[in-house]
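Novice: sequence first, then the predicted structure, then my questions.
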Amino acid sequence: MHERTRRQFCRFLFCTLAIMPVVGMISWVGYRASPLYAAIEKQHWQKLIFECTGLAATFVEIQHPAGGSILLHDVRLIDPDGGDQVANLRQVEIAKTPQGVVVLLSQPELAQGKFLRLWDTLHDRVLGGPLPATAIQITAGELTVEVGQQAQTFTRVRCTVEPQMDSLRA
């Protein structure tokens, strides 16, 4: 191989195997840290929550802690028909496990007079909708329901939805 050809070949290999992967990685990290990526991810989760629950969701921040779970902070579920707030959650942690999806709710509060609206919406979307591919477990340490001028708090609330052959078990 001629000396000049060998040098060009080595430069090509260096650019292809060293510089291009580094530039690609820096570009990817920059994109993931950008406000554009955060807005796209937020929009994705809002759409997914609406499809699953039938309620519009707003939240302040999304985090990705170690372990592959997702944290949504200061989540508000809003009835799209009237625009009223149905529920307020301090934090929602979503994790995929081999057994299914686990959703941990931190300090959920149901707004006054919205329990039946939430129940109807979830019944129509979850129990009457298409079968989920995996089991879904929703857990809350404390659930506060406002009834009239009083609030009732329930502790250790858990709901599991499992697909069966042709049905759903809750």
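Specialist: Sure, I can see it.
Novice: from here on, contacts and neighbour counts on C-alpha atoms
Specialist: Noted.
Novice: and the most centrally placed residue in the chain, what pLDDT?
Specialist: Centroid-nearest residue in the chain, with Cα atoms, centre = their mean: W45, separated by 5.2 Å. If you check W45, the pLDDT there is 90.
Novice: same question for R76.
Specialist: At R76, the pLDDT value in this model is 92.
Novice: going by secondary structure, it is in what exactly?
Specialist: Element membership of R76, judged by DSSP states H and E, is strand 70-78.
Novice: and for K42?
Specialist: Secondary-structure assignment from DSSP H and E places K42 in helix 35-53.
Novice: not counting its own residues, what contacts the very next helix or strand once past that helix?
Specialist: Next helix or strand after helix 35-53 toward the C-terminus (DSSP H and E): strand 56-58. Strand 56-58 has contacts (Cα atoms under 8 Å, 6 or more residues apart in numbering) with 46, 49-50, 75-80.
Novice: any chance of those in TSV, with neighbour count and distance to V103 too?
Specialist: Formatted as TSV, the contacts of strand 56-58 follow (neighbours: other Cα atoms under 10 Å; distance: Cα to Cα, whole Å):
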residue	neighbour count	distance to V103
Q46	17	15
I49	16	12
F50	17	16
V75	19	13
R76	21	16
L77	25	15
I78	20	19
D79	19	21
P80	14	23
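Novice: just give me the closest of those residues to A135.
Specialist: For these, the closest approach to A135 (Cα to Cα) belongs to I49, at 16.5 Å.
Novice: can you tell me the closest non-neighbouring residue to the closest one?
Specialist: Of all residues not flanking I49 in the chain, A57 sits nearest, at 6.7 Å (Cα to Cα, 6 or more residues apart in numbering).
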